[in-house]
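[1] just the structure for this:
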Amino acid sequence: MRTQTVEADIIVVGGGLAGVSAAVAAARQGRSVALINNRPVLGGNSSSEVRVWVCGATAHGNQRWARESGIIGELYVENQFRNPEGNPVYWDDVVLDTVRREKNIRLFLNTEVSEVEASGPEGARRIDAVTGWTMGSEVRTRFTAPIVLDCTGDGLIGAIAGARHRLGKEGRAEFGEEWAPEEPVREFLGSTLLFYTKDLGRPVKYVAPDSAIDISRTPIPTSRVIRSGDSGAHYWWIEWGGELDIVDDNERIRDELRGVILGIWDYIKNSGRFDADTLTLEWIGNLPGKREYRRFIGDYTLTQQDVIDQTAFDDGVAFGGWSIDLHPAAGMYAEGAGALQRFSDGLFEIPFRSLYSQNVENLLFAGRDVSATHVAFGAARVMATCAAMGEAAGTAAAMCIERGITPRELHDDAREDLRQRLLRWDASVLGVRNEDAEDLARAATVTASGHREIIAAGEPATAAELPLADDLGIVIPVDPVLESVQLWIAATEDTTLTVEVFSTGRRQNVVPAHREHTVTVPVSAGPARWIDVPAVFAPTEPQNAVVVLRANRAITAHTDALTPGTLTLVHRLDSDDQNVSISTDELLVQWPTKPLRGRAIVFRAEPASRSLAPERAVGGYQRPFGGPNLWASAPLADGDAELRLDWDAAVTAREVRLVFDDDVDLELNTLHHHRSPHEVLPQLVRDYRIETHDEAGWHTVIEVADNRHRHRIHPLPSAPFDALRVVVTATNGAPEARIVALRVQS
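    Down below sits the predicted model:
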């Protein structure tokens, strides 16, 4: 056995996606990071040891334009390229490579931290060091750093240090939460084990071991959906332990879960109810995937109201979109649904104050131990949301080191600087406009070779018929005004079409919330032709409109490929998991996009719009928020696309940052739950060059082929220039170039 001491700027304990994102974010800010994980692989519940798919704000396609950007966004897109089949072993290496690529991270796997040195009074504690034991290597390591991040999920580090925290469910009166129990109760969301099956193509017998639990004596066969073809996270409802202590009783919980899995498999193989002769059990997890334990108390506690009402925070540093997803404490043995879900009408924000300790001055945290009530935690706990929190916490930690301040001081004195830093790195922030003083592009004149001036979708020659059996909603970005829409429709008889224009409430929402205009137009019988419909909407700032076509079975609309900034909603309840009870009172649930994902109603909007104009790529929000917030060029079939910046006087800069469109409306699940056949997202720019201009003319300084990434950073020569342009020659499939952000950093 040997001992060692490791000094770093920042210690991150926990190698799940929150910890990985925190460590990578801090390292990219130039800080030295010790990332400590007690397992042999990174990824936490998403790793090959547990195999839970990574859910986030997209909420399996229920939320719109909601996929996270930043570090977790990189992981999603990289996994789609490397691992389109969703192999959990390949995902391990996607995560590991991302960490090892950062020279400022020292990674310590198989290292359990159980000793924490802390000092100071209860109200002002400080972590001085943590000590871990690396099994196999027999190394005892004492880690010291000015800032510590607890990303352990269970919150062990902070708890030992004396950080205030919560366990279980708060009573309804404490935060006024409708979904909280009347009185506090120490119950949790349970833990889960998963299993994988394999078809061997020949009969395979199964003899249940003694540890298998006879599920016919439980409510499981009648209260849960069991299918022989399902495996992995389809069986998320194999959950137990909510009435116990998730940590103290971890071994008991694991044994019960494993016994039920073996009993389910016995039921599938030997009950005679399933076509399963050729199936075998390929893998069972042995490490329970935990959902909930300690939740730290920060300077702000996120509540149910913050999620449902989509509270806007001036220190919002991450967002979520998953439903408030509450499970019965009895888990798989409960006779009701395995989960009750309630959605907000769009994305909700997570404030920075929920990511640092109320009483341990150098402790930040991210992931399952976020400062939230049990109810709000039900929406914030999923892994991509945890990763977004991790990036925010890691970036904040780096800024604390830079400035020699505590997280609370960073909030009080520089929270907007933190938000701007996150936006610079294309992190998952909402409603934050680029006001970066170091971005020289904001002072330039922005022009382009052309842009999509008319918001439209589809061509009659390639359109497919769609009977107007349901109300349909066309999401159209409006800047500055909408006056009319033309629709390509046919009718079997003389009839009328009612069209309504709705605003969406909050700018991140894409639901018909407030009726702004109604008109009914006559439609005569006949084949498809253009019908002009007055559709008036004049918002005071750019935002989306939802143009609703009311159902009429005598009318046939048409669909074609989706175009930038548009979506199609269908007025129809859509729930594809029979183990879940979803509240249907929310507009988001009543107007899903999934039935027509990737398809648009054939339409033309008038007049010309600035929604996709070149200035949208400079000084903007960098994600859909009251519009698409990107430049979309004229079709590349007409020639190369150019986005150009001109300054009144020559400037010098150190780098160009480009953010390309990667269709954040598309869910990219990490394992076996994919919704796209494309390994490289077609909306991404593929081939481009960056040119600068001086008295001698234009000079190519960067040339890129075969790009497949959203965020690119290119160093620039130190020579001055008075103009810069990005010339796009090809995309990965989209007909036009799309640039979300062009930054020139001094």
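
[2] can you give the contact residues for the lowest-mean-pLDDT helix or strand in the chain?
    Lowest on mean pLDDT, DSSP states H and E among the helices and strands of the chain sits strand 580-582, with a mean of 89. Contact partners of strand 580-582, identified using CB atoms under 8 Å, 6 or more residues apart in numbering, comprise 323, 336-343, 575, 589. Every C-beta, even on glycine, is put in place using the N, C-alpha and C of the backbone.

[3] one more: stretch 301-309?
    Taking CB under 8 Å, 6+ apart as the rule, stretch 301-309 contacts 175-180, 311, 320, 324, 342, 344, 348-351, 354, 370-373, 375-377, 379-380.

[4] out of those, which sit inside strands?
    If you go by DSSP state E, the contacts of stretch 301-309 have 320, 324, 342, 348-351 in strands.

[5] how about residue 326, phi and psi?
    With angles defined as degrees, to the nearest 10, residue 326 sits at phi -110, psi 130.

[6] tell me how many other residues crowd it.
    19 (other CB atoms under 10 Å).

[7] among the ones in strands among the contacts of stretch 301-309, which one sits closest to residue 32?
    Nearest to residue 32 among the ones in strands among the contacts of stretch 301-309 is residue 350, at 26.7 Å by CB to CB.

[8] from what I can see that closest one touches residue 319, true?
    Yes. Assessed by CB atoms under 8 Å, residue 350 is found in contact with residue 319 at 6.6 Å.

[9] please identify which of these two sits among more neighbours.
    Ranked by neighbour count (other CB under 10 Å), residue 350 and residue 319 place residue 350 first, with 32 against 27.

[10] need the pLDDT of residue 576.
    On pLDDT, residue 576 comes in at 67.

[11] same question for residue 672.
    Reading off the model, residue 672 has pLDDT 66.

[12] which stretches in the chain count as helices?
    Using DSSP state H, the helices of the chain run over 17-28, 70-82, 88-100, 156-161, 172-175, 220-223, 250-270, 304-308, 374-380, 383-403, 407-424, 587-590.

[13] given the least confident helix or strand of the chain, what are its sheet partners and their directions?
    Taking DSSP bridges as the criterion, strand 580-582 sits next to strand 339-342 (parallel) in its sheet.

[14] if any of the contacts of stretch 301-309 are buried, give me the PyMOL selection for them.
    This is how PyMOL selects the buried members of those, with burial counted by 16 or more other CB atoms under 10 Å:
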select buried, resi 175+177+179+180+320+324+342+344+348+349+350+351+354+370+371+372+373+375+376+377+379+380
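
[15] mutual contacts of residue 350 and residue 319, please.
    In contact with both residue 350 and residue 319: 385, 388, using CB under 8 Å, 6+ apart.

[16] residue 442 is in contact with residue 619, isn't it?
    Yes. The criterion here is CB under 8 Å, and residue 442 meets it with residue 619 at 4.6 Å.

[17] ok, these two, which is more surrounded?
    Taking other CB under 10 Å, residue 442 and residue 619 do not tie; residue 619 has more neighbours (20 against 17).

[18] got the contact list for that one?
    433-435, 439, 441-442.

[19] beta partners for the closest residue to residue 539 other than its chain neighbours?
    Distances taken as CB to CB, 6 or more residues apart in numbering place residue 478 nearest to residue 539, at 5.9 Å, with adjacent residues excluded. Residue 478 has the following beta-bridge partners by DSSP bridges: residue 543.

[20] okay, now residue 478: neighbour count?
    Neighbours around residue 478, by other CB under 10 Å: 24.

[21] equivalent analysis for the one 4 residues further on, please.
    Residue 482: 25 surrounding residues under other CB under 10 Å.

[22] isn't it right next to residue 536, touching?
    Yes. With contact defined as CB under 8 Å, residue 482 counts as touching residue 536 (6.8 Å).

[23] what is in contact with these two at once?
    Joint contacts of residue 482 and residue 536 (CB under 8 Å, 6+ apart) are residue 501.

[24] low-confidence regions, the stretch 401-550 of the chain specifically.
    Within the stretch 401-550 of the chain, no range satisfies pLDDT under 70.

[25] gap between the closest residue in space to residue 6 that isn't next to it in sequence and residue 393?
    Leaving aside its chain neighbours, residue 6 sits nearest to residue 143 (5.0 Å; criterion: CB to CB, 6+ apart). Distance of residue 143 to residue 393, computed by CB to CB, to the nearest Å: 17 Å.

[26] neighbour count winner among these two?
    Of the pair residue 143 and residue 393, residue 393 is the one with more neighbours under other CB under 10 Å, namely 34 against 23.

[27] now do the contacts for that one.
    18, 22, 25, 149, 151, 355-356, 364-366.

[28] how much space between it and residue 407?
    Counting by CB to CB - residue 393 and residue 407 are separated by 9 Å.

[29] name the residues contacting each of those two.
    Common neighbours of residue 393 and residue 407 (CB under 8 Å, 6+ apart) are 355-356, 364.

[30] adding pLDDT, write those out as JSON lines.
    Converted to JSON lines, those look like this (pLDDT from 0 to 100):
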{"residue": "355", "pLDDT": "98"}
{"residue": "356", "pLDDT": "98"}
{"residue": "364", "pLDDT": "98"}
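
[31] number of residues surrounding residue 503?
    Neighbour number of residue 503 under other CB under 10 Å is 21.

[32] repeat for the one 4 residues further on
    The local packing count at residue 507 equals 20, with neighbours defined by other CB under 10 Å.

[33] my guess is it contacts residue 430. True?
    No. Counting by CB under 8 Å, residue 507 does not reach residue 430; the two are 9.2 Å apart.

[34] any residues in contact with both of these two?
    Joint contacts of residue 507 and residue 430 (CB under 8 Å, 6+ apart) are residue 625.

[35] can you pull the contacts of residue 537?
    Residue 537 touches 478, 481-482, 501, 503, 516-517, 545, counting by CB under 8 Å, 6+ apart.

[36] go on, residue 439?
    Here residue 439 is in contact with 424, 619, 743-746 (CB under 8 Å, 6+ apart).

[37] and the residues you listed as JSON lines, adding distance to residue 46?
    JSON lines is the format used below for the contacts of residue 439 (distance: CB to CB, whole Å):
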{"residue": "424", "distance to residue 46": "27"}
{"residue": "619", "distance to residue 46": "35"}
{"residue": "743", "distance to residue 46": "31"}
{"residue": "744", "distance to residue 46": "36"}
{"residue": "745", "distance to residue 46": "33"}
{"residue": "746", "distance to residue 46": "38"}
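
[38] what's the pLDDT at the closest residue in space to residue 335 that isn't next to it in sequence?
    Excluding the flanking residues, the one nearest residue 335 by CB to CB, 6+ apart is residue 219, at 4.7 Å. pLDDT, residue 219: 95.

[39] the nearest residue to residue 262 once chain neighbours are set aside and residue 35: what is the separation?
    Leaving aside its sequence neighbours, residue 262 sits nearest to residue 212 (CB to CB, 6+ apart; 3.7 Å). Counting by CB to CB, the gap from residue 212 to residue 35 is 39 Å.

[40] ok, these two, which is more surrounded?
    Taking neighbours as other CB under 10 Å, residue 212 and residue 35 compare with residue 35 leading, 29 against 19.

[41] please name the nearest non-neighbouring residue to that one.
    What sits nearest to residue 35 in space, not counting adjacent residues and going by CB to CB, 6+ apart, is residue 23, at 4.2 Å.
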